[in-house]
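K.L.:
Pasted the sequence and its predicted model underneath.
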Number of protein chains: 4
Amino acid sequence: MPETIDRVRIAILGASGYTGAELVRMLARHPAADLRVLTAERQAGKPLSDVFPHLGYLKMPDLVKVDQVDWSEIDFVFCGLPHGTTQEIIAALPHTLRIVDLSADFRLADAATYAEWYGHEHRAVELQREAVYGLTEFNRQGVRAARLVANPGCYPTATLIPLLPLLLDGLIESEDIIVDAKSGVSGAGRDAKQQNLFCEVSEGMHAYGVGHHRHMPEMEQELSLAAGKPVTMAFTPHLIPMNRGEFVTTYVRLAGGNTADDLRAALAARFENEPFVQVLGAGVVPHTKHVRGSNQIHISVFPDRLKGRAIVLSVIDNLVKGASGQAIQNMNVMLGLIETMGLEQAPLFP
Amino acid sequence: MPETIDRVRIAILGASGYTGAELVRMLARHPAADLRVLTAERQAGKPLSDVFPHLGYLKMPDLVKVDQVDWSEIDFVFCGLPHGTTQEIIAALPHTLRIVDLSADFRLADAATYAEWYGHEHRAVELQREAVYGLTEFNRQGVRAARLVANPGCYPTATLIPLLPLLLDGLIESEDIIVDAKSGVSGAGRDAKQQNLFCEVSEGMHAYGVGHHRHMPEMEQELSLAAGKPVTMAFTPHLIPMNRGEFVTTYVRLAGGNTADDLRAALAARFENEPFVQVLGAGVVPHTKHVRGSNQIHISVFPDRLKGRAIVLSVIDNLVKGASGQAIQNMNVMLGLIETMGLEQAPLFP
Amino acid sequence: MPETIDRVRIAILGASGYTGAELVRMLARHPAADLRVLTAERQAGKPLSDVFPHLGYLKMPDLVKVDQVDWSEIDFVFCGLPHGTTQEIIAALPHTLRIVDLSADFRLADAATYAEWYGHEHRAVELQREAVYGLTEFNRQGVRAARLVANPGCYPTATLIPLLPLLLDGLIESEDIIVDAKSGVSGAGRDAKQQNLFCEVSEGMHAYGVGHHRHMPEMEQELSLAAGKPVTMAFTPHLIPMNRGEFVTTYVRLAGGNTADDLRAALAARFENEPFVQVLGAGVVPHTKHVRGSNQIHISVFPDRLKGRAIVLSVIDNLVKGASGQAIQNMNVMLGLIETMGLEQAPLFP
Amino acid sequence: MPETIDRVRIAILGASGYTGAELVRMLARHPAADLRVLTAERQAGKPLSDVFPHLGYLKMPDLVKVDQVDWSEIDFVFCGLPHGTTQEIIAALPHTLRIVDLSADFRLADAATYAEWYGHEHRAVELQREAVYGLTEFNRQGVRAARLVANPGCYPTATLIPLLPLLLDGLIESEDIIVDAKSGVSGAGRDAKQQNLFCEVSEGMHAYGVGHHRHMPEMEQELSLAAGKPVTMAFTPHLIPMNRGEFVTTYVRLAGGNTADDLRAALAARFENEPFVQVLGAGVVPHTKHVRGSNQIHISVFPDRLKGRAIVLSVIDNLVKGASGQAIQNMNVMLGLIETMGLEQAPLFP
């Protein structure tokens, strides 16, 4: 990186959560990034090392409140705030800023769907209309031009990347898509809740949000666009005793005499030049540990014992490709940088 | 337990594996059991504490080879040997012995199906015919009269207990049954394999045996019997970083206008007096940790977002209800003892 | 257990914590126990299954507040309340009740030491004087006669059981006792604290309370009594990513030419008839997993490479022998029951 | 990195173990490294992705046998072979190669000590004499000039970095140094051993090698050099259920009226400009999770309750600063590169 390039001046809103920490981890080593501002309302005034000792040696700015930020010194914002709060804070930011929002607030394009799933009208409808859904591999043009990118949820990312091409190419039916998903605990965030204590979570597993998880409408929205008609799906998330990682097992119905091999070949062709997408060979099962800490997604397709069906497997690190990594990938696209910049770190195994 | 009752003299064949250890743990406290013989070919001659230090204080007999056993001193045998070996060893035992076999060798009733899945003809076809499938809650009469009980596999146990009544009562369709199962690592046994090392397994998860796991024909056999017609199913097992526990998520198609509530009510009625089966209330998700170390199964039913479908959740401890616990339950039935004897220990949480 | 024996009517105060759950788990199967009352202030009115679903099938009484209890129906109390609260609540109980208190409130006999470590005067000094320290193996006579037993802390239990005989017999010096202890996370309780979240605790470890943990004065009190002079010790606890289990590594200076073998032999002789204490053979290392879920303690002694020193290793399950199991052991002694009653369950491995 | 710089052509001998995988992970992103050869005797002929799927997308060379390597194409060797094998293989390499050896074979300078601890005479005594001990922060001059660097063990690295300056400056006594160490499981390597299975290791902990671990003489050698007189120490390693991380608790006797604060200040001054060494403030406890995946060491010093003593805490990632990271750090020094090159990745938390 020549010294003469201007680095983009970045603020991270909500830097005290796990996705905030991941943004710092990767942006601190990003050659075009200049981390200027980290906000955290309750922890404002503290050094970052107080909330994340592992980042202490990086000499980052201290935590401040959002209303203490001098926006004239900032070019780009990552917003990792809780749902609800986000809408109003982003609406109040100067319009010169470009933003990747990691919350769910701008992922649903339809105002009625939003209201149905979140129980209240959207409080920044214009922004909702403006926001671009940032599943990078499928919308580079939109992301490049966007001012506000809605970064996809972790489950949608792992689920949609293999499914969208299959629907777009008519290789699978859009009915009876059954998604059985498994996630590490970091997806639940850093808030002190009894249900996420080590003693409650380790050495056991359970489902949650059965039949009504909020990532459903986001997935159905994108699947419907790809299928060209409304898609309803089954989706069951499970909590697995591991920090990171998401494993998605999708049961699909084959269209028009296609086989699992056809699906695999189509995905391999579609993603051949994608730096972050690996389509595994026949018979190779993905493992969440093989992508941990990286922005990679691994995909595999298997024939089902049920005639006319196939099983699609996909794994990501929920905090990287499922959140902060994809957010940086989107920033790179928005700024015309090399898309892999700052995201080259290989997976950490074991 | 009055002193005057004769205790049944028991041999455990294959006592150096995890299911062997579990049999010892529970039988050592079983008031009608007298553990006389423990075999382990490679470890013969050693005290049990050498292979299982946690059982050392129980003063059990030392490990011996199978051919060292004086069968005249034994009434009852638990056989926990690997597949294949089992057939010949059981065939060679005196016919006065009653046996619960924990291997897969006698679970399939059909010789052709066995040959198809195991790649060779069964070597004890008469015994295969004689053996009774020991899913206790569904076959008490058969088990009571049996000389040889084939103890069900862990996945079949967790899957069949909720599904069989639903099929028998015609509440669900027998087509498109999709079983997504998750198991702790102890199901893989105690053999030293790289893939089961802590560093390979912890902090990650993966599927295995996708589309061709050997528990499939066992489940299809019992589902077909219940449905009264051949049933084919989808089944994907996953390995979860925990010692024990099995979580089964089953996606079913509702028959004749039934709802998830109808299914739950039917199961609650069916299992009302079963000491080891708990049907959870509407909206309550089971957790593997809530049955750990016990012979319990917890079952829950949820409506699916896909119209006309429901999601059935079930959890067991794979080493107890999924293996050694159910084996003892079968022994109790075979001997006319109280069915819960020796199996009363409550789950260990956390 | 003949039917004619009156079962003791028991109340557990503070039944919504992990030690409360463990008391229920074991007392529900205790042939002389009749669990009548479970209190939990914030959860009062709920069934036990709401806070501990794994105990739901045991048909226990619903949770109530302490001030709702009709004490005339209770014979025996286990008190598992937080420090501070305990003193006043126990002081207010009818004097006809016999009590095992699992908190730290009555463990220190000296009022000044209490005030120094807890920052305030004791609020029930008479009870403090009356309370008997319940390290069962060393004080059966005192416990039997006691009305109020102070159940030892988990670290003191694991540390003192091997050290007390060595000091009493003059086999080790009382200077320079260095205790490096490691505990599972359940010792930290069930309160929702960020530091005990799965994502903070798993896949890592750290020390805590370095140089000033509150179990120190309790250990020094008992070591001093055994040595016949004031003992000061080094003690460093560490938090290990496991639910249960405590491993204590103690570095001691040998007295009068004794060797590690002498120490091991002395401990083996001392504990020969103790049902819950196992002294392992030369070269055998204890493992926390070998006592999990049981009331056992395993002890081992090794020669140190440093001349004139030895290393003593001991392991317990912090929730059983380190808390609820020892509490029930004390109850058994207080009531003249067989000491192992209700505590026979073997360890759960793996 | 300008394109014109010649990249160093590297061979990794023993690339199928965890340290091999870590070398690949970091060297694949090292701007001056050109990974040309990966050897693995039993896996020769396979792509790297067969043994480490997480590295598959990096397009590394296939695995070969050592005797298939064309050494004329190699400048630099990392040797990660088992003890014993190493001596003869390195002795047979062309002397033009520069080497960092990660085994224990060249760490002990004294032939007699080697023979005592390893049970046989060293088979490459001249190389043993030539080898330079590569604890980078303490021997940059030696490392820079060396042809063969013996990379320190993980325990010695974590233990010596804080202790050497304290001994060199006379701040602590060299007698009675007691090191209680705790390590993640990856230190045990990738060989399939029952004792390292998930079900044996998780949810429990134990000590091992009590009183006779082979890292002892290595530590005593370096401590003796620093103290200027022979040092004997106590050392007890423990196995902790986590993949990576090492926590060392060292109990030291203060010299000449010094305090824990004096020790901390001395260490802070000594390491002020070291990029990989962080001395934490008073009262701050290190956590292995805060260095995971990075080449960092965190150090902290606490007063002991025992008069005249202090407690030194230190943490590293055993596979990085304790093995492959320090090996690359040594390579950087040997080649005159920036010492942090390829080692900048921040820790992965959670």
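P.N.:
Structure received.
K.L.:
got a list of what whichever residue of the stretch 1-150 of chain A sits closest to chain B touches?
P.N.:
With Cβ to the nearest Cβ as the measure, A:Trp117 is the residue of the stretch 1-150 of chain A nearest to chain B, at 11.9 Å. Any C-beta I mention is one placed from the backbone N, CA and C, and that applies to glycine too. With contacts taken as Cβ atoms under 8 Å, 6 or more residues apart in numbering or on different chains, A:Trp117 has the following neighbours: A:Leu108, A:Arg214, A:Met216, A:Pro217.
K.L.:
Then A:Ile10?
P.N.:
When the contact criterion is Cβ under 8 Å, 6+ apart, the partners of A:Ile10 are A:Leu27, A:Ala33, A:Asp34, A:Leu35, A:Arg36, A:Val37, A:Ile74, A:Asp75, A:Phe76, A:Val77, A:Phe78.
K.L.:
Where does it sit: helix, strand or coil?
P.N.:
Using DSSP: H, G, I helix; E, B strand; the rest coil, the secondary structure recorded for A:Ile10 is strand.
K.L.:
For it, give the beta-bridge partners.
P.N.:
Here A:Ile10 shows beta-bridge partners A:Leu35, A:Phe76, assigned using DSSP bridges.
K.L.:
Tell me the pLDDT of it.
P.N.:
According to the prediction, A:Ile10 has pLDDT 98.
K.L.:
Show me where the stretch 101-250 of chain A has its strands.
P.N.:
Listed from the start of the chain, the stretch 101-250 of chain A has strands (DSSP state E, counting those that start in this stretch) covering A:132-133, A:148-150, A:177-183, A:206-207, A:233-239, A:246-253.
K.L.:
JSON lines for those strands, including distance to chain B?
P.N.:
What follows is the strands of the stretch 101-250 of chain A, written out as JSON lines (distance: least, Cβ to the nearest Cβ, whole Å):
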{"stretch": "strand A:132-133", "distance to chain B": "21"}
{"stretch": "strand A:148-150", "distance to chain B": "22"}
{"stretch": "strand A:177-183", "distance to chain B": "4"}
{"stretch": "strand A:206-207", "distance to chain B": "4"}
{"stretch": "strand A:233-239", "distance to chain B": "5"}
{"stretch": "strand A:246-253", "distance to chain B": "5"}
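K.L.:
now check stretch A:317-330, is it near chain C?
P.N.:
No: using Cβ under 8 Å from any Cβ of the partner chain, stretch A:317-330 stays clear of chain C, with a minimum separation of 9.9 Å.
K.L.:
and that stretch, how far from the chain's centre?
P.N.:
In terms of Cα atoms, centre = their mean, to the nearest Å, the gap separating the centre of stretch A:317-330 from the centre of its chain is 5 Å.
K.L.:
I'd like the mean pLDDT over it, please.
P.N.:
Mean pLDDT, computed over stretch A:317-330, is 98.
K.L.:
With stretch A:128-137 instead?
P.N.:
Rounded mean pLDDT across stretch A:128-137 is 97.
K.L.:
same check, this time on stretch A:95-114
P.N.:
Averaging pLDDT residue by residue across stretch A:95-114 gives 96.
K.L.:
what comes up buried for that stretch?
P.N.:
Neighbour counts using 16 or more other Cβ atoms under 10 Å in any protein chain shown place A:98-109, A:114 of stretch A:95-114 among the buried residues.
K.L.:
what's the most distant pair in these?
P.N.:
Looking at these by Cβ to Cβ, the two members farthest from one another are A:Arg98 and A:Tyr114, with 22.8 Å of separation.
K.L.:
picking up where we left off before, can you pick the most crowded of the contacts of A:Ile10?
P.N.:
A:Phe78 (26 neighbours; other Cβ atoms under 10 Å in any protein chain shown).
K.L.:
how would you label that residue: helix, strand or coil?
P.N.:
Under three-state DSSP, the three-state class of A:Phe78 is strand.
K.L.:
residue contacts, it?
P.N.:
Shown here is A:Phe78, whose contacts under the criterion Cβ under 8 Å, 6+ apart are A:Ile10, A:Ala11, A:Ile12, A:Leu13, A:Leu23, A:Ile99, A:Val100, A:Leu102, A:Ser324, A:Ala327, A:Met331.
K.L.:
mind running it again at 10 Å?
P.N.:
By Cβ atoms under 10 Å, 6 or more residues apart in numbering or on different chains, A:Phe78 lies in contact with A:10-15, A:19-20, A:23-24, A:27, A:35, A:99-102, A:151, A:324, A:327-328, A:330-331.
K.L.:
ok, and for the helix ranked longest in chain A, which residues are buried?
P.N.:
Longest among the helix segments of chain A by residue count, using DSSP state H, is helix A:154-168. Neighbour counts over helix A:154-168 (16+ other Cβ under 10 Å) mark A:154-167 as buried.
K.L.:
Stretch A:177-193 too?
P.N.:
Neighbour-count burial for stretch A:177-193, with 16+ other Cβ under 10 Å as criterion, is recorded at A:177-188, A:190.
K.L.:
Is there proximity between that stretch and chain D?
P.N.:
Yes: figure legend: stretch A:177-193 in contact with chain D (Cβ under 10 Å from any Cβ of the partner chain); contacting residues A:Gly184, A:Val185, A:Ser186, A:Arg190.
K.L.:
Is that stretch in proximity to chain C?
P.N.:
Yes: under the criterion of Cβ under 10 Å from any Cβ, chain C is reached by stretch A:177-193 at A:Gly184, A:Val185, A:Ser186, A:Gly187, A:Ala188, A:Gly189, A:Arg190, A:Asp191, A:Ala192, A:Lys193.
K.L.:
For chain B, tell me which of the residues of stretch A:177-193 next to chain D show up nearby.
P.N.:
Among these, the ones lying near chain B by Cβ under 10 Å from any Cβ are A:Gly184.
K.L.:
and of the residues of stretch A:177-193 next to chain D, the nearest to chain D?
P.N.:
Scanning those for proximity to chain D, where the rule is Cβ to the nearest Cβ, the winner is A:Ser186, at 5.5 Å.
K.L.:
In this structure that closest one contacts A:Pro241, no?
P.N.:
No: with contact defined as Cβ atoms under 10 Å, A:Ser186 does not count as touching A:Pro241 (11.7 Å).
K.L.:
anything in contact with each of these two?
P.N.:
With contacts defined as Cβ under 10 Å, 6+ apart, the residues adjacent to both A:Ser186 and A:Pro241 are C:Phe198.
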